[in-house]
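1. quick one: sequence plus predicted model below, questions after.
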Amino acid sequence: MKALYTALLAPLALLAMTGFVSCGGDSSSDTRHSPSGYGGDETRGTEKSAIGVFVPGVVDGSPTYEMLVRGVRRAVADFPGASATVVEGGFNQAGWLEGVMSMAASGRYDLIVTSNPSMPEIILEVAQAVPGVRFLLMDAYLPDHEGVHSILFNQREQAYLSGYFAGLLTTSDLPGATARPRIGLLAGQEFPIMNEVILPGYREGARQISEEITLDFRVLGNWFDAGKAQEIAADMIRSGSDTILTIAGGGNQGALSAARERGTYVLWYDDSGYDEGPGVVAGSSLVHQDTMTYQATKEALRGETPWGSARILGVADGAVGFDTEHPAFRELIPSEMIQAMEAKLELLRQGELRLEMTPPGT
């Protein structure tokens, strides 16, 4: 395998030199470029470090990647002379390896930042083929590899909080709650963290409310088909799910439409989604990827990163949470349910409730 990527490196390096990953223009302003189909832009601030941000998808409409880019740009702004270039990999996962490999082979970047639970294998292969480039890997876990530092959010805690709230909601007297407590989870795709951490964590949280709660798990098959997601969510609602946690990228809008039409609820994941559908988006669990990326990027620019290590951060670290402050949440949800959620969050903050997460494959 190593020989394969060594052989791949030569043409990628040539492509880099001929403009596959290029960025022209005055360093004082943003410049747009489109390297072989990847969209990108550069933000330059002044510590001389060039940072490449590889987005395995697209930035617009993806809260996780919007937070990633925002965190890096905020850090770069604190270091005059540093720069950040954003490269979008698009939805074709088969092209992500080539995208990261070309960035590393170009020699333009001291640090490459990316985020996705699927990225560790790609980063490992690129790091072996292109020594000397360092990688900051967010929302993923890759320990014991020189030149790589990874930060994984405790998605057991996050899913547990979503499930606990779903349990409160489905057993409540709120309009739309069914007589038979049943909740749903709509995922864009199946992957190890979804199957081994998020799904069981969601069930675990709900069962803290009632062992009678049942769970309907469905898979969209992609991260963009809102029409199909609406059909699946509608069928979940017909099957009795009154609360659906949707983790389906662009498909979330389809789940939202189905719930709005039928008077039921959806839960948002990773960012505060209440403004997407007040009265329909009933709860939002959070990862503070922008803050964590900002702090980790600043560590790298200061030369303080513990390379070769991996961290798992949760509620107690300020990395995971649940938005109980949004006006739409406080208007819809009864005070006793709000108090129950805030009490659960405080238990996690103080370490009185411990939900350890074992990364898949470890």
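-> Looks like it arrived, so ask away. Residues are numbered from 1 along each chain as shown.

2. immediately after the helix or strand hosting E125, which helix or strand?
-> Take DSSP states H and E as the rule and E125 turns out to sit in helix 119-129. Per DSSP H and E, the first helix or strand lying C-terminal to helix 119-129 is strand 134-138.

3. give the other helices and strands that that following strand contacts.
-> Strand 134-138 is packed against strand 111-115, helix 119-129, strand 148-153, helix 289-302, with contacts defined by 3 or more CB pairs under 8 Å, 6 or more residues apart in numbering; DSSP states H and E. (C-beta placed from N, C-alpha, C; glycine too.)

4. what is the longest one packed up against?
-> Based on contacts counted as 3+ CB pairs under 8 Å, 6+ apart, the elements that helix 289-302 packs against are helix 63-77, strand 111-115, strand 134-138, strand 148-153.

5. nearest to T264, out of these?
-> Shortest separation from T264 across the helices and strands packed on helix 289-302 is recorded for helix 63-77, at 22.4 Å, computed as CB to CB.

6. got the buried residues for the closest one?
-> Neighbour-count burial for helix 63-77, counted by 16 or more other CB atoms under 10 Å, picks out 63-76.

7. state the next helix or strand along the chain beyond that helix.
-> Following helix 63-77 in sequence order, the next helix or strand is strand 83-88 (DSSP H and E).

8. for the record, mean pLDDT for that next one?
-> Confidence for strand 83-88, expressed as mean pLDDT, is 98.

9. that one pairs with which strands, parallel or anti?
-> The pairing partners recorded for strand 83-88 under DSSP bridges are strand 40-44 (antiparallel), strand 50-55 (parallel).

10. run the angle between it and strand 111-115 for me.
-> 40 degrees (axes from the mean of the first three to the mean of the last three CA atoms, to 10 degrees).

11. ok now strand 83-88, how far from the chain's centre?
-> Relative to the chain's own centre, strand 83-88 is displaced by 18 Å; criterion: CA atoms, centre = their mean, to the nearest Å.

12. could you tell me the angle between the helix or strand just after that strand and strand 50-55?
-> Once the chain leaves strand 83-88, the next helix or strand it forms, by DSSP H and E, is helix 96-105. Per the same axes, to 10 degrees, the angle that helix 96-105 makes with strand 50-55 is 180 degrees.

13. can you name every helix or strand that helix 96-105 contacts?
-> Taking 3+ CB pairs under 8 Å, 6+ apart as contact, the helices and strands that helix 96-105 lies on are helix 2-17, strand 50-55, strand 111-115, helix 119-129.

14. by mean pLDDT, show me the worst of these.
-> Averaged per stretch, pLDDT over those is lowest on helix 2-17, reaching a mean of 36.

15. how does this protein divide up, domain by domain?
-> What the TED database lists as the domains of the chain is 50-154+290-315, 155-286+320-350.

16. how about low-confidence regions in the chain?
-> The model of the chain has pLDDT under 70 over residues 1-48.

17. how far does the one helix or strand E346 maps to sit from its chain's centre?
-> E346 is part of helix 335-350, with elements assigned from DSSP H and E. Distance of helix 335-350 from its chain centroid, counting by CA atoms, centre = their mean, is 24 Å.

18. list the buried ones in it?
-> Within helix 335-350, the residues that count as buried by 16+ other CB under 10 Å are M337, I338, A340, M341, K344, L345, L348.

19. wasn't P278 part of a strand?
-> No. Counting by DSSP: H, G, I helix; E, B strand; the rest coil, P278 falls outside a strand, being coil.

20. name the nearest residue to it, sequence neighbours excluded.
-> Closest residue to P278 apart from its sequence neighbours, by CB to CB, 6 or more residues apart in numbering: A328 at 4.2 Å.

21. next up, the contacts around the one you found.
-> By CB atoms under 8 Å, 6 or more residues apart in numbering, the contact list for A328 reads Y274, D275, P278, G279, V281.

22. so how do I select the buried members of those residues in ChimeraX?
-> Only the buried entries of the contacts of A328 go into this ChimeraX selection, using 16+ other CB under 10 Å:
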select :274,281
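
23. what is the nearest of the contacts of A328 to E212?
-> Closest approach to E212 among the contacts of A328 (CB to CB): V281, at 25.2 Å.

24. any idea how far A340 is from the most far-flung residue of the chain relative to its centre?
-> Computed with CA atoms, centre = their mean, the residue of the chain farthest from its C-alpha average is A179, at 33.6 Å. Using CB to CB, to the nearest Å, A179 is found at 21 Å from A340.

25. do M236 as well
-> Going from M236 to A340 by CB to CB gives 25 Å.

26. likewise I51?
-> 42 Å.
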